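1. please work out how this folds:
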Amino acid sequence: MSKPDSNEATATISLVAKYGKQKIELNDLSPSTTIAQVKELIFEETNILPKRQKFIGLQVQPNLNTNPKSRQVTDDIQLSQLKPKYTFILMGTPEKDIFVDPNDTDTQFEVIDDFDLEFNAGTAEWIEHVAKGENLKRFTDSTAVHVMNEPREGKPLMVLDLDHTLLDFSRKSIEQASNAERAATDNGNNGNGSSTSIVRTTQETIDRMKRPYMDDFLARAYVNYDLVVWSQTSWRWLETKLIELNMLANPRYKFCFVLDKTSMFQITSALKSGERRKHSVKPLQIIWNKFPCWNAHNTVHLDDLSRNFALNPKNGLKVTGFYRKKKSGKRDIELLGLASYLERLAIEVNDFTRVKFKYWTDVLSGKKALIKEDDNDKKSANGN
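-> Residues are numbered from 1 along each chain as shown. Sure, this is the predicted structure:
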């Protein structure tokens, strides 16, 4: 497709799409160019079908839409209708990567065993790792954060793992449902309602990959927290999951940005048996270095693997792993309880490091207080 012609004297517009480490420049576009035409141009550059493309960062001018909650950048929107910020994040998967080799799946990296780590704040090993700041500095410098939604003033930070914390994803299951839908269409089932049932089954397949109440949990969390996703998968799989499960377009919550496994590095920890084991970590200091509004006192990190908390043990809240094929998967209500607990945390606590996150269920049941009174507090209360 050639770039839309314009005989107008109006100045042209240039767009820059950030796709991973690649920058795609579209220059000399007419203001009347539509988003649909932009998608065709990007398809020529990337082989990402227009229907698979998602643009993060473009916004419609508020004076062109009377409803501020519905300023969606749809295919018929012209570039002249956008806010004058023409750099955006492109998400999508090229066709050649949609049907991948079964040996190259997003589950290959996973090790369900969380080890038996003895890694607590204040131990010699913890201090040793924190003191070695070269990894933190190097990864802070190399981590490119593409902000999708700016941090909101005064909001604490919630860092969220994806796999087995919020979802249990399978591209193969989606492909099987999609193939069944196409087969039904080819067999002439469009007119008798059976294809509608299959389409619904495809959506149900996607919905079952979400942990029960996932969207409700994120919507409740977004009221009190800024949300960031940090996944232990590659960027390709991360964006596939976020797009397929419609997590970037949900009007009830937004993410500030997302990080993948390239911002993680390895450390060596000691198991309780004395054996030493190498493993990857998610060092929150990388985020704190880039966003001074967040720190150890206003950050909580949810993950099903506690080893990812190794450098920030006071900020980690371990979530029970979610596996949709297990019998307990359909009855899982953990996110409902977590939503209530985290609401209390945001409203009642100014310093998250004073909270023992491992007791969150006891706090909900009333067995324990949200903040455990330490010896200094007791002395102050007694006037000593």
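
2. and the pLDDT for the nearest residue to residue 248 once chain neighbours are set aside?
-> Here the nearest residue to residue 248 in space, its sequence neighbours aside, is residue 242; by Cβ to Cβ, 6 or more residues apart in numbering that works out to 5.2 Å. No exception for glycine: its C-beta is placed from N, CA and C like everyone else's. pLDDT, residue 242: 88.

3. kindly report the same for residue 269.
-> For residue 269, pLDDT reads 67.

4. how about residue 97?
-> We have a pLDDT of 65 for residue 97.

5. hmm, back to that, thought the residue nearest to residue 248 was touching residue 260?
-> No. The pair residue 242 / residue 260 is not scored as a contact, 10.9 Å apart, by Cβ atoms under 8 Å.

6. and residue 249, that's in a strand?
-> No. Read with DSSP: H, G, I helix; E, B strand; the rest coil, residue 249 is coil and lies in no strand.

7. check contacts around it.
-> When contacts are counted by Cβ atoms under 8 Å, 6 or more residues apart in numbering, residue 249 touches residue 54.

8. switch the cut-off to 10 Å
-> Neighbouring residues of residue 249 by Cβ atoms under 10 Å, 6 or more residues apart in numbering: 54, 56, 72, 242, 243.

9. and those residues, which is closest to residue 142?
-> Nearest to residue 142, judged by Cβ to Cβ, of these is residue 56 at 21.1 Å.

10. residues near that closest one, how many?
-> Residues lying near residue 56 (other Cβ atoms under 10 Å) number 22.

11. okay, and the beta partners of it?
-> Here residue 56 sits in beta bridges with residue 89, going by DSSP bridges.

12. checking the residue nearest to residue 287 when sequence neighbours are not counted next. Helix, strand or coil?
-> Once flanking residues are discounted, residue 287 sits nearest to residue 294: 6.3 Å by Cβ to Cβ, 6+ apart. Of the three states, residue 294 takes coil according to three-state DSSP.

13. contact partners for residue 294?
-> Residue 294 neighbours (Cβ under 10 Å, 6+ apart): 151, 155, 156, 157, 159, 226, 228, 256, 284, 287, 288.

14. just the buried members of those residues?
-> For those, a burial check counting by 16 or more other Cβ atoms under 10 Å picks out 155, 156, 157, 159, 226, 228, 256, 284, 287, 288.

15. closest to residue 265 out of those?
-> Distances from residue 265 to the buried ones among the contacts of residue 294, taken by Cβ to Cβ, are shortest for residue 284, at 12.9 Å.

16. ok, the closest one touching residue 298?
-> No. In this structure, residue 284 is not within contact of residue 298 by Cβ atoms under 10 Å, at 11.1 Å.

17. show me whatever sits in contact with both of these two.
-> 157, 315.

18. circling back: between residue 242 and residue 260, what contacts are shared?
-> With Cβ under 10 Å, 6+ apart, residue 242 and residue 260 have common neighbours 229, 231.

19. picking up where we left off before, go through the contacts of residue 249 and flag which are in helices.
-> 242, 243 (DSSP state H).

20. of all the contacts of residue 249, which two lie farthest apart?
-> Top of the distance list for those (Cβ to Cβ): 72 and 242, 17.0 Å.

21. who has more neighbours out of these two?
-> residue 242 (21 against 12).

22. tally of neighbours for the nearest residue to residue 48 once chain neighbours are set aside?
-> Sequence neighbours aside, residue 92 is the residue nearest to residue 48 in space, at 4.0 Å (criterion: Cβ to Cβ, 6+ apart). By the criterion of other Cβ under 10 Å, residue 92 has 22 neighbours.

23. which residue ranges form the helices in the stretch 101-250 of the chain?
-> 124-131, 134-142, 171-186, 194-209, 214-224, 235-244 (DSSP state H, counting those that start in this stretch).

24. isn't residue 207 right up against residue 173?
-> No. Using Cβ under 10 Å, residue 207 is not in contact with residue 173, being 11.4 Å away.

25. how far off helix 214-224 does the helix or strand hosting residue 256 point, in degrees?
-> Take DSSP states H and E as the rule and residue 256 turns out to sit in strand 255-259. Angle between the axes of strand 255-259 and helix 214-224 is 110 degrees (criterion: axes from the mean of the first three to the mean of the last three Cα atoms, to 10 degrees).

26. strand 255-259: how far from the chain's middle?
-> Distance of strand 255-259 from its chain centroid, counting by Cα atoms, centre = their mean, to the nearest Å, is 6 Å.

27. do the same with stretch 17-26
-> 20 Å.

28. how about the CA coordinates for that stretch, as PDB?
-> Output in PDB follows, covering the C-alpha atoms of stretch 17-26 (Å, rounded to 0.1, in the frame of the first residue of the first chain):
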ATOM      1  CA  ALA A  17       6.000   3.400  16.300                       C
ATOM      2  CA  LYS A  18       8.200   1.800  19.000                       C
ATOM      3  CA  TYR A  19       8.100  -2.000  18.500                       C
ATOM      4  CA  GLY A  20      10.500  -3.700  21.000                       C
ATOM      5  CA  LYS A  21      13.900  -2.200  20.200                       C
ATOM      6  CA  GLN A  22      12.800  -1.200  16.700                       C
ATOM      7  CA  LYS A  23      11.600   2.200  15.700                       C
ATOM      8  CA  ILE A  24       9.300   2.400  12.700                       C
ATOM      9  CA  GLU A  25       9.000   5.900  11.200                       C
ATOM     10  CA  LEU A  26       6.100   6.900   8.900                       C
END
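
29. ok, how many other residues are close to residue 61?
-> Residue 61: 12 neighbours (other Cβ under 10 Å).

30. please name the nearest non-neighbouring residue to it.
-> Once flanking residues are discounted, residue 61 sits nearest to residue 83: 5.5 Å by Cβ to Cβ, 6+ apart.

31. you'd agree the one you found is up against residue 77?
-> No. In terms of Cβ under 10 Å, residue 83 does not count as a neighbour of residue 77; the distance is 11.3 Å.
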